[in-house]
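K.L.:
Got a predicted structure here, sequence first:
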Amino acid sequence: MATRAKRRRGPAKPKAPATSEPPAASKAPAASEPPDAPAATDVAAPPASQAPPGLRLAAGAQVIEAVGLCVAAAFGAVSTADGKSSQAGSAVALIVFTVAVAVGIALIAAALAKARPWSRTPTVMTQLLVVIGGIILLDGHRPEWGVPALLLAAACLAGLLAPASLRALNRPSVPRQ
């Protein structure tokens, strides 16, 4: 039985040039720097506490929307328990679905607060659905639910599309070789 040599896929990785200096990570900090300060060459994403105010606004609006969905699910559960639902099984499924969507929106809000780049698209799509729902609620003579939904969607999109938020959510560019 013949064996085949493993072939590398993709471009070969360039070898680092040989130098007499130790790697940057092993250098001792200068006397003027505190020992726990990051090196000047270290580039890291800002911590979540330093997220731009627009992203915090958008994440807060998402959380409020998730809480609103939980409140709507609670109203649906009370209505189903009182026997006001024509099909109890469908009502329970709708309540479970509503809570699952609320959890998903809360997870997106957490990612948005941490400035995760992938969170931008789900946030915009969520707000598009909130706007549609708000318009339907206004058309159904429910301004007490429709107006706050539209205001939250507007606040979330304004915070998300602020220039500082867009910069924070951009992926770092990778140089091509």
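P.N.:
Yep, that arrived.
K.L.:
so what does the host helix or strand of S90 touch, helix or strand wise?
P.N.:
Element membership of S90, judged by DSSP states H and E, is helix 88-113. Helices and strands touching helix 88-113, by 3 or more C-beta pairs under 8 Å, 6 or more residues apart in numbering; DSSP states H and E, are helix 53-81, helix 120-139. C-beta: built from backbone N, CA, C; applies to glycine.
K.L.:
Give me the angle between the helix or strand just after the last one and helix 53-81.
P.N.:
Proceeding C-terminally, helix 120-139 gives way to helix 143-160 as the next helix or strand, assigned by DSSP H and E. Inter-element angle recorded for helix 143-160 and helix 53-81: 150 degrees (by axes from the mean of the first three to the mean of the last three C-alpha atoms, to 10 degrees).
K.L.:
Can you name the residues that contact the residue nearest to G60 when sequence neighbours are not counted?
P.N.:
Of all residues beyond its chain neighbours, the one nearest G60 is A109 (7.7 Å), with distances taken as C-beta to C-beta, 6 or more residues apart in numbering. Residues near A109 by C-beta atoms under 8 Å, 6 or more residues apart in numbering: A58, A59, G60, Q62, V63, A66.
K.L.:
any idea which of these is closest to A113?
P.N.:
Nearest to A113 among those is A59, at 4.0 Å by C-beta to C-beta.
K.L.:
doesn't A106 make contact with that closest one?
P.N.:
No: the pair A59 / A106 is not scored as a contact, 9.7 Å apart, by C-beta atoms under 8 Å.
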